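Student: Please find the sequence and the predicted model below.
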Amino acid sequence: MYRVQEGKSIISNETLAALTGTNYLKSAPSNPAGTAEPTFISAAGTSAAGADAALVVMPLATNADAICNAISKQTNSVDTAPTVATAGALPTNPTGCFKTSAVVGALVTGTNYAYARI
């Protein structure tokens, strides 16, 4: 909706809070687990300025494999969340969860991420 109405892309290093001032979000989302806030990343997994955002990701708490697997089962009908080692392996489903096995751009090794494509 933002891209269509504003005629520009969301940039990957912008925060979700930036969408509250433009009335796209009523309030900035927060992570109920108390870990890092949701963030935009590019298709390459980076949060570099100037890159179009492709996903919004939220890191889950440490040892959240069971949570990530449950998200994957509900959103993508798979019992185990995929493991991602490269940007090319980032899931293509609209929503879900994955775990990194290597540094992928701004994504940290060994972390579970819930995501939504934008």
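Tutor: Received it, and whenever you're ready, just let me know what you need.

Student: Now do the strands in this protein.
Tutor: Assigned by DSSP state E, the strands in the chain fall at 39-41, 55-59, 83-84, 95-100, 112-117.

Student: Dump those into CSV; add mean pLDDT as well.
Tutor: CSV is the format used below for those (pLDDT from 0 to 100):
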stretch, mean pLDDT
strand 39-41, 85
strand 55-59, 90
strand 83-84, 96
strand 95-100, 96
strand 112-117, 93
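
Student: For Thr75, which residues are in contact?
Tutor: For Thr75, the contact set (CB atoms under 8 Å, 6 or more residues apart in numbering) comprises 93-97. Any C-beta I mention is one placed from the backbone N, CA and C, and that applies to glycine too.

Student: Pro91 now?
Tutor: 76, 82, 84, 98, 115.

Student: swap the cut-off to 6 Å and go again
Tutor: Contacts for Pro91 (CB atoms under 6 Å, 6 or more residues apart in numbering) come out as 82, 98.

Student: By residue count, what's the longest helix in this protein?
Tutor: Using DSSP state H to define each element, the chain has its longest helix at helix 65-76.
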